[in-house]
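Take a look and give me a structure for this.
(one chain, ligands or ions: 1)
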Amino acid sequence: MSLATSNPLLQPWNTPHGLPPFEQIRAEHFEPAFDAALKQQRAEIDAIGANPEPATFDNTVAALDRSGRLLDRVGELFHNLTSSETSPALQAAQRRVAPLLAAHDSAIHMHKALFERIDTLHERREQLGLTPEQKRVLERFHFDFLRAGAKLGPAEQTRYAQIMERLAELTTRFGQNVLADESAFQLVLRDEADAAGLPDFVRAAARQAASERGIEDAMVITLSRSHIVPFLTFSERRDLREQAYRAWVSRGEHAGEHDNRPIAREILRLRNEQARLHGCASYADYALTDTMAGRQSAVTGLLAQVWEPAKARAAEEREALQALALSRGDTATLEAWDWRYYAEKVRQVRYELDEATVKPYFALHRMVEAAFDCAYRLFGLRFVEQPQIKAYHADVKVYAVHDTARADGESLIGIFLHDNFARTTKRSGAWMSSLRSQSRNVGAGVTPVILNNNNFAKGAPGQPTLLSFDDANTLFHEFGHGLHGLLSNVTYERLSGTSVLRDFVELPSQLFEHWLAETEVLKRHARHYLTDEPIPDALVEKLKAARLFNQGFETVRYTASALVDMAAHALTDANVPDVAEFERAELARIGAPDDVGMNHRLTHFQHLFSGSAYAAGYYVYLWAEVLDADGYEAFVEAGNPFDAAVAARLRRFIYSSGNSIEPSEAYRAFRGRAPTVEPMLKGRGLTRASFDTSGLVGSQPERI
Ligand SMILES: [Zn+2]
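Take a look at the predicted model:
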């Protein structure tokens with residue numbers, strides 16, 4: 001049989017909804033498929049460039065947008081499998097394929113004939129009689145080409161392409177190294193003494209992890225966030241907390257073959273060179289040209305508004321933790337592995353709220369229903385499970401997504417895959433991705449296939465998976481990204497769904513978190529997994545009262561990571577220091593408290609170094625929080641979290657418009673005005689107006 005007929009990646013997928021025939025696909029299919037797909041797109045691009053007709057929007061821009069369908073299909077599947085269900089064979093293929101994809105990308109963006117046509121159209125864009133979306137996609141493509149080096153001289157282009165290939169290798173290696181360190185670590189708890197303090201749900205998850213690893217009669221704590229955070233929160237064993245914490249924060253920082261220090265350093269050096277080729281002093285300057293923020297001072301200005309108040313808040317929290325530790329006779333200096341443990345004790349005392357009481361109301365399946373129900377009440381979407389469709393892992397659920405709000409009758413708008421559990425073949429964190437993006441530029445139009453990945457610790461066999469309120473929030477966050485992909489309603493794939501500026505991309509996700517915190521939503525969906533009783537009012541009140549608790553700690557951890565990211569990418573000298581040294585010096589310079597730590601240290605900061613999407617961009621969560629906090633106020637002002645008119649504007653201008661509208665314009669169209677920063681500060685408890693003084697130790701922060 002020829003390759004084309006034996007390789008399922010190169011054949012039509014006559015499957016339900018055109019999903020990949022997962023069970024037929026093996027790791028060795030990918031490299032030949034990439035080879036064919038790269039050739040195919042290269043031929044498409046050459047044909048556009050060689051077209052003897054003068055450049056028109058359709059024969060150049062729309063044609064470019066239509067090109068590379070096979071590469072999209074193969075590449076998106078590959079990306080999803082290497083993230084969620086990888087193997088040594090897939091990882092090896094990933095290391096070989098990453099530089100080829102980077103070289104291909106450079107070849108397209110440095111294609112002289114193609115760029116000349118786009119450049120000509122761009123110059124004449126006002127005279128072409130384009131629709132606003134057509135003009136936008138032309139401008140975006142033109143900008144993509146400039147940012148990828150289309151206007152550089154031949155020698156610079158050669159060097160630029162080399163840099164991009166090497167960066168692709170390094171960022172692939174970086175992510176694989178983090179996964180290697182995460183998979184290698186396990187804290188085995190052999191007896192009751194090892195497990196002291198752990199509530200049932202932590203034990204159940206740890207037993208499940210042990211059985212998945214073939215360890216009998218023991219419990220295992222992994223470095224998955226949904227293991228490590230509860231362990232640090234509840235374990236009475238300070239020695240084990242320290243051991244687990246040190247393993248968690250030293251991912252990527254072990255000498256040997258998985259050491260990310262030299263890799264991160266080389267990435268920073270090459271990014272600096274990349275920026276210089278563009279005439280920018282630093283990578284941060286280069287990266288920020290394609291954002292709402294636009295320049296470093298806008299970012300550092302926003303981060304500065306929260307940094308000192310957050311540290312002051314954390315200092316007060318520390319006093320409360322120390323006071324509680326002392327009252328228990330613990331006199332040791334508070335360390336980073338103690339913070340969550342004492343914070344939970346203070347939380348229990350102050351709010352009579354403990355995780356073990358909360359979690360039974362947050363069963364995973366209930367929270368999935370809650371997210372679907374909110375999508376129905378806001379946008380008329382109905383999620384119908386398709387148990388007959390098997391995805392790439394038995395735990396992945398497949399849903400058909402129907403739009404019931406259309407005037408012309410209910411219709412299928414996309415497919416949603418929900419992959420919720422941690423496993424050793426999946427990278428850590430939570431994310432949204434796609435197998436297919438929405439567009440109308442090909443055939444009868446393309447419906448999206450959207451995925452959400454979480455890393456929840458799976459409940460024991462026969463038992464539901466119970467989430468913390470934070471986990472449920474993550475579920476809603478990723479689902480908000482998912483809706484951004486599913487509700488996309490644009491013509492050109494380049495503008496589809498989440499292909500927005502990166503400081504806008506967290507708006508749909510963070511905004512969606514607000515519905516989880518609505519009392520009405522909690523009363524309807526947060527039901528005890530054994531009794532089906534809705535969450536008691538008193539518990540809802542406690543959850544709300546505790547919302548600002550420990551926010552100093554959380555804000556310091558986030559902001560420290562964002563500041564270090566910006567500082568590392570703002571280096572103007574190609575002579576990059578050792579990243580661990582640099583991080584230490586930077587944390588000292590900004591006065592970051594040791595016992596709080598960072599969300600991500602540089603040696604495992606996948607946002608920055610597994611790909612470049614969030615490089616000089618970890619700030620985007622806070623940027624988007626300004627938008628989401630202000631945006632949700634529109635529902636508060638309407639007096640109804642599901643107000644139909646506000647929801648309709650939200651769908652049209654935020655969730656459906658992709659990148660077809662300039663983001664500040666899209667926001668103003670939704671909100672009727674530009675955003676203000678106050679709701680974000682209030683939401684984090686960083687303004688005097690919202691400052692909760694009940695039971696807090698110490699002085700109040702200064703007004704900011
Ligand atoms: Zn997100």
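
Report the separation between residue 307 and residue 559.
5 Å (CB to CB, to the nearest Å). (Each C-beta comes from the backbone N, C-alpha and C, glycine too.)

Excluding residues flanking it in the chain, which one is nearest the residue sitting nearest the centre point of the chain?
Nearest residue to the geometric centre of the chain (CA atoms, centre = their mean): residue 431, 4.4 Å. Once flanking residues are discounted, residue 431 sits nearest to residue 453: 5.4 Å by CB to CB, 6 or more residues apart in numbering.

Would you agree the one you found is in contact with residue 479?
No. Using CB atoms under 8 Å, residue 453 makes no contact with residue 479, being 11.5 Å away.

Which of these two has more residues huddled nearby?
residue 479 (30 against 22; other CB atoms under 10 Å).

re earlier: just checking: what are the partner strands of whichever helix or strand the residue nearest to residue 431 is part of?
Assessed by DSSP states H and E, residue 453 sits inside strand 449-456. Using DSSP bridges, strand 449-456 pairs in its sheet with strand 411-421 (parallel), strand 431-436 (antiparallel).

Which SSE is immediately downstream of the helix or strand hosting residue 539?
According to DSSP H and E, residue 539 maps onto helix 537-545. Per DSSP H and E, the first helix or strand lying C-terminal to helix 537-545 is helix 551-569.

and that following helix, how far from the chain's centre?
The chain centre lies 16 Å from the centre of helix 551-569; the measure is CA atoms, centre = their mean, to the nearest Å.

For that helix, which helices and strands make contact with it?
If contacts are counted by 3 or more CB pairs under 8 Å, 6 or more residues apart in numbering; DSSP states H and E, helix 551-569 sits against helix 261-277, helix 283-288, helix 296-327, helix 579-590, helix 606-609, helix 620-638.

can you pull the buried residues of it?
Within helix 551-569, the residues that count as buried by 16 or more other CB atoms under 10 Å are 551-569.

Among the strands paired with strand 449-456, which comes closest to residue 49?
Smallest distance to residue 49 across the strands paired with strand 449-456 (CB to CB): 26.7 Å, for strand 431-436.

now that closest one: mean pLDDT?
Averaged across strand 431-436, pLDDT comes to 97.

and if you look at stretch 664-674?
The predicted model assigns stretch 664-674 a mean pLDDT of 95.

do the same with stretch 516-532
Stretch 516-532 comes out at a mean pLDDT of 96.

do the same with stretch 588-598
Mean predicted confidence for stretch 588-598 is 97.

least trustworthy helix or strand in this structure by mean pLDDT?
helix 3-6 (a mean of 70; mean pLDDT, DSSP states H and E).

following that helix, which helix or strand comes up?
Assigned by DSSP H and E, the successor of helix 3-6 is helix 30-50.

which parts of that following helix are buried?
Of the residues in helix 30-50, those buried (16+ other CB under 10 Å) are 30, 32-34, 36-38, 40-42, 44-45, 48-49.

how about residue 661, what does it touch?
132, 136, 653, 669 (CB atoms under 8 Å, 6 or more residues apart in numbering).

What does it show for phi and psi?
phi -130, psi 140 (degrees, to the nearest 10).

same thing with the one 5 residues further on?
As for residue 666, its main-chain torsions (degrees, to the nearest 10) stand at phi -60, psi -40.

Near it, how many residues? Count them for me, please.
Residue 666 has 20 nearby residues by other CB under 10 Å.

burial of the residue nearest to it when sequence neighbours are not counted, as a residue count?
The shortest distance from residue 666 to any non-neighbouring residue, by CB to CB, 6+ apart, is to residue 653 (4.9 Å). Applying other CB under 10 Å, we find 17 residues neighbouring residue 653.

And for the one 4 residues further on?
Other residues lying near residue 657 total 25 when counted by other CB under 10 Å.

per-residue pLDDT, it?
The confidence metric pLDDT takes the value 97 at residue 657.

A strand includes it, no?
No. Residue 657: not assigned to a strand; according to DSSP: H, G, I helix; E, B strand; the rest coil it is coil.

Now do the nearest residue to it once chain neighbours are set aside against residue 658, distance only.
In space, and not counting its chain neighbours, residue 657 is closest to residue 666: 5.5 Å by CB to CB, 6+ apart. Distance, residue 666 to residue 658, using CB to CB: 9 Å.

Spell out which parts of the stretch 401-550 of the chain neighbour the ion.
Listed as neighbours of the ion in the stretch 401-550 of the chain under the rule CB under 5 Å from the ion: 506, 509.

can you tell me which helix or strand whichever residue of the chain sits closest to the ion belongs to?
Residue of the chain nearest the ion, by CB to the ion: residue 509 (4.2 Å). Assigned by DSSP H and E, residue 509 falls within helix 506-516.

Phi first, then psi, for the closest residue to residue 335 other than its chain neighbours.
Nearest residue to residue 335 in three dimensions, chain neighbours excluded: residue 595, at 5.8 Å (CB to CB, 6+ apart). Backbone torsions for residue 595, taken as degrees, to the nearest 10, come to phi -80, psi 0.

contacting residues around residue 595?
Taking CB under 8 Å, 6+ apart as the test, what residue 595 contacts is 318, 334-336, 338-339.

Narrow those to those that are buried.
318, 334, 336, 338-339.

any chance of those residues in CSV, plus pLDDT?
Compiled in CSV, the buried ones among the contacts of residue 595 are given as follows (pLDDT from 0 to 100):
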residue, pLDDT
318, 96
334, 94
336, 97
338, 97
339, 97
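
Mind putting those into TSV with secondary structure?
Compiled in TSV, the buried ones among the contacts of residue 595 are given as follows (three-state DSSP):
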residue	secondary structure
318	helix
334	coil
336	helix
338	helix
339	helix
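
Before I go, just wanted to say thanks for your time.
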